[in-house]
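Enquirer: The following comprises the amino acid sequence and a computationally predicted model.
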Amino acid sequence: MNYPIYLDYNATTPCAPEVIETMIPYFGTHFGNAASKSHPYGWVAENAVEAAREQIAQLIGAKPKEIIFTSGATESINLGIKGIFETYSGEKQHYITCKAEHKAVLDTFAEIEKKGAEITYLSVNSKGEINLDELEKSILPHTKLICLMWANNETGLIHPIPKIAEIAQSKEIILFTDAVQAAGKIPISTKGIHLMAISAHKLYGPKGVGALYVRHNHELPKPLSQIHGGGHEKGFRSGTLNVPGIVGFGKAAELRKEEMKTESHRLEKLRDTLESLILELPNTFLNGGQNHRLPHVCNIAFGGVEGEELLKKINQKVAVSSGSACTSISPKPSHVLQAMGVESDLGRGSIRFSLGRNTTAGEIEQVVDWVKYVVRKLRNLE
């Protein structure tokens, strides 16, 4: 297949060649079950899992024992939120999140809301930022958890998590952050955080494996398991471990720790070039602010065009999306852009460009030329 230029790295990333090479032996030669404690096949698998746990912990500034492997970020989010809800079972419960969170967070909160939890959804301004004063004022005596993403998957906006951690700590409230788009892209830390979701396939690792950071040695409670049977992962998540995936996750985390600084500078320059040249088109707008965002992401609204047709035409030569991969087939405007006050037609006519490890300057030139051609054609200017 003649693939288009790929600029949808926020949806998923290709496995780095080094990751694939590291994983392969664990599909065949080292095929053991990491829970088999009585023979070398299990020992080798278990050692590989623990080495990966260490690599992932180093990426986010955690202890290896605080990393719980899951099937991905959605499971981590469900385990964190539902697990805390069940921990406080029988008590009056209040939670704080944001209208611009990923659907995995919003849909999970909707489920516990049906079961009696009270949820506050913070509003955002035109840049997608929350108001920290509003956050503080939303805290109630029975607030159990604050859940806010580190970086937005659609606009790249980075929330001030260290400041939010201070607020949570001062009120003795659990802080959960979805760090899926931030981990491996920008420096992050677990300081002041109790729960953190991350995913391998967003940082050049394999799909189907993620992790939940669970803070140890703290008086605030930990989530209760949502999957039972065998007591794997310190009882937080039962099930035979995906050893090849975990090994790949570890290698990807190691690579991102090494490459993050230089790669983010390179991608920021390419992103800024792409953005400035596309915004030369009249009636185009940057969704969100230019500051405090991930270095590889921009989200641009195109006025005067029909959104579905725009996306269809651009994707003939450039693979992009209109928002989260989970909702990419929906003709509705993005809930993130709606929360930011972007008008519906502009929301539908918005495209997220997310660059990555394989993006080149030559590709950026081609993308700009193609986008400008498509937009002008749809506006009947060519």
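Expert: The structure has been received and is ready for your questions. Residues are numbered from 1 along each chain as shown.
Enquirer: in this protein, what secondary structure element scores lowest on mean pLDDT?
Expert: Between all helices and strands in the chain, the lowest mean by mean pLDDT, DSSP states H and E belongs to helix 344-348, at a mean of 93.
Enquirer: helices or strands up against the next helix-or-strand element following it?
Expert: Using DSSP states H and E, the next helix or strand after helix 344-348 towards the C-terminus is strand 350-354. In terms of contacts (3 or more C-beta pairs under 8 Å, 6 or more residues apart in numbering; DSSP states H and E), strand 350-354 is packed against helix 243-278, strand 297-302, helix 307-314. For every residue, glycine as well, the C-beta is placed using N, CA and C.
Enquirer: got these as CSV, with mean neighbour count and mean pLDDT columns?
Expert: Output for the helices and strands packed on strand 350-354, formatted as CSV (neighbours: other C-beta atoms under 10 Å; pLDDT from 0 to 100):
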stretch, mean neighbour count, mean pLDDT
helix 243-278, 20, 98
strand 297-302, 24, 97
helix 307-314, 18, 95
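Enquirer: hang on, the earlier thing: please put the alpha-carbon coordinates of the least confident helix or strand of the chain into PDB.
Expert: What follows is helix 344-348, C-alpha atoms only, in PDB (Å, rounded to 0.1, in the frame of the first residue of the first chain):
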ATOM      1  CA  SER A 344     -19.600  24.100  15.700                       C
ATOM      2  CA  ASP A 345     -18.700  24.600  12.000                       C
ATOM      3  CA  LEU A 346     -15.200  25.500  12.900                       C
ATOM      4  CA  GLY A 347     -15.000  22.600  15.300                       C
ATOM      5  CA  ARG A 348     -16.000  20.200  12.600                       C
END
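Enquirer: returning to that earlier point: take the helices and strands packed on strand 350-354 and lay them out in a markdown table including distance to residue 171.
Expert: A markdown table is the format used below for these (distance: least, C-beta to C-beta, whole Å):
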| stretch | distance to residue 171 |
| --- | --- |
| helix 243-278 | 32 |
| strand 297-302 | 32 |
| helix 307-314 | 41 |
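Enquirer: which one of the ones you listed lies closest to residue 368?
Expert: Closest approach to residue 368 among those (C-beta to C-beta): helix 243-278, 4.5 Å.
Enquirer: which helices and strands sit right next to the closest one?
Expert: Counting contacts by 3+ C-beta pairs under 8 Å, 6+ apart, helix 243-278 is packed against helix 17-23, helix 40-60, strand 297-302, strand 350-354, helix 361-378.
Enquirer: Was I right to think residue 113 contacts residue 121?
Expert: No: taking C-beta atoms under 8 Å as the definition, residue 113 is not a contact partner of residue 121, at 10.1 Å.
Enquirer: which of those two has more neighbours?
Expert: residue 121 (16 against 13; other C-beta atoms under 10 Å).
Enquirer: Can you classify that one by secondary structure?
Expert: Counting by DSSP: H, G, I helix; E, B strand; the rest coil, the backbone at residue 121 sits in strand.
Enquirer: if I look at it, how far off is residue 70?
Expert: In this view, residue 121 and residue 70 are 25 Å apart by C-beta to C-beta, to the nearest Å.
Enquirer: before we move on, the earlier item: who wins for proximity to residue 156 among the helices and strands packed on strand 350-354?
Expert: strand 297-302 (3.2 Å).
Enquirer: For the closest one, which outside residues touch it?
Expert: Here strand 297-302 makes contact (C-beta atoms under 8 Å, 6 or more residues apart in numbering) with 10, 154-156, 271, 274-275, 278-279, 281, 283-288, 310, 337, 342, 346-347, 349-355, 375.
Enquirer: same thing with stretch 218-235?
Expert: Contacts with stretch 218-235, where a contact means C-beta under 8 Å, 6+ apart, come from 35, 65, 68-69, 78-84, 86-88, 172-174, 194-195, 212, 214-215, 236-241.
Enquirer: first vs last residue of that stretch, how far apart are they?
Expert: 18 Å (C-alpha to C-alpha, to the nearest Å).
Enquirer: Also stretch 88-102?
Expert: Per C-alpha to C-alpha, stretch 88-102 runs 24 Å from first to last residue.
Enquirer: Go through the helices and strands packed on strand 350-354 and name the closest to residue 23.
Expert: Across the helices and strands packed on strand 350-354, residue 23 has its closest neighbour in helix 243-278 (4.3 Å, C-beta to C-beta).
Enquirer: Report the next helix or strand after the closest one in sequence order.
Expert: In N-to-C order, the element after helix 243-278 by DSSP H and E is strand 284-286.
Enquirer: Any idea how far that following strand is from the middle of the chain?
Expert: Taking C-alpha atoms, centre = their mean, to the nearest Å, the mean C-alpha location of strand 284-286 is offset from the chain mean by 24 Å.
Enquirer: Residue 216 is in contact with residue 67, correct?
Expert: No: at 10.6 Å, residue 67 and residue 216 do not qualify as touching, with contact defined as C-beta under 8 Å.
Enquirer: Looking at these two, which one has more neighbours?
Expert: More crowded of residue 67 and residue 216, by other C-beta under 10 Å: residue 67, with 27 against 12.
Enquirer: which intervals of this protein have sub-threshold pLDDT?
Expert: 323-331, 381-382 (pLDDT under 70).
Enquirer: before we move on, the earlier item: out of the helices and strands packed on strand 350-354, the one nearest residue 106 is which?
Expert: Nearest to residue 106, of those and by C-beta to C-beta, is strand 297-302 at 18.6 Å.
Enquirer: Can you tell me which of the helices and strands packed on strand 350-354 is nearest to residue 366?
Expert: Closest to residue 366 of the helices and strands packed on strand 350-354, according to C-beta to C-beta: helix 243-278, at 10.7 Å.
Enquirer: how much distance is there from that closest one to the middle of the chain?
Expert: Remark: helix 243-278 is offset 14 Å from the chain centroid, using C-alpha atoms, centre = their mean.
Enquirer: relative to helix 40-60, how tilted is it?
Expert: Between helix 243-278 and helix 40-60, the angle comes out at 30 degrees (axes from the mean of the first three to the mean of the last three C-alpha atoms, to 10 degrees).
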